[in-house]
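# I would like to see how this sequence folds:
(one chain, ligands or ions: 1)
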Amino acid sequence: MKNLPLTLALILSALWAGHSMAGHHKKGAIEVDMPYVRAPVPGHSMSAAFLTLNNASEQDCRLTAASSAYAKKIEFHTHVHQDGMMKMRPVANVDVAAGSSVAFKPGGLHLMLFGIKHGDIPSAKITINTDQCGDISFTAPIKSIKSMPAEAMHH
Ligand SMILES: [Cu+2]
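Numbering: from 1, shown residues only. Here you go, the predicted structure:
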């Protein structure tokens with residue numbers, strides 16, 4: 001194992017690069033953590049974006065809209081159980097109370113992207129508008145996740 005120190009250094013630098021890429025984007029009251037877009041299935045123009053929003057301020061924030069040059073339209077969606085099935089439902093607003101965080105994650109709340117741009121696009125810049133906390137802009141890497149349940153969960 002002569003190469004161990006070098007291997008370790010490579011791993012550490014890879015971890016470090018991964019960390020700074022996933023970094024925190026601070027804007028106003030709300031901090032965005034670990035945003036990513038699920039790469040669309042070939043032939044589909046819909047997908048979802050996930051992230052965690054942390055509101056460390058003393059101001060309640062209501063998310064009112066989201067947009068990106070990467071997608072024609074973005075809606076806030078949640079999943080509800082109905083008739084034994086998981087269905088997605090658009091929600092008009094998402095509240096991020098003072099001192100709390102809200103996770104957009106697979107199987108729960110998510111940003112639904114419609115009319116996605118195709119091509120070799122590494123990341124999407126997304127802006128979320130709020131009522132009293134300004135606009136939250138962040139860059140989300142586009143990741144292909146093979147293990148996601150098929151389009152059965154989709155509209
Ligand atoms: Cu959805």
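# So which helix or strand of the protein has the lowest pLDDT on average?
Using mean pLDDT, DSSP states H and E, strand 25-27 stands out as the lowest-scoring helix or strand of the chain, at a mean of 46.
# centroid residue for this protein?
Central residue of the chain (C-alpha atoms, centre = their mean): Phe50, 2.4 Å from the mean position.
# Ala66 versus the residue nearest to it when sequence neighbours are not counted, what's the distance?
In space, and not counting its chain neighbours, Phe50 is closest to Phe104: 4.9 Å by C-beta to C-beta, 6 or more residues apart in numbering. Where you see a C-beta, it was placed from the backbone N, CA and C, and this is true even at glycine. Separation of Phe104 from Ala66 (C-beta to C-beta, to the nearest Å): 10 Å.
# Can you tell me the SS state at Ser57?
State at Ser57, reduced to three classes by DSSP: H, G, I helix; E, B strand; the rest coil: coil.
# what's the neighbour count on it?
15 (other C-beta atoms under 10 Å).
# How about the contacts made by Ala65?
Residues near Ala65 by C-beta atoms under 8 Å, 6 or more residues apart in numbering: Ile74, Ile128, Asn129.
# I appreciate the help and will end here.
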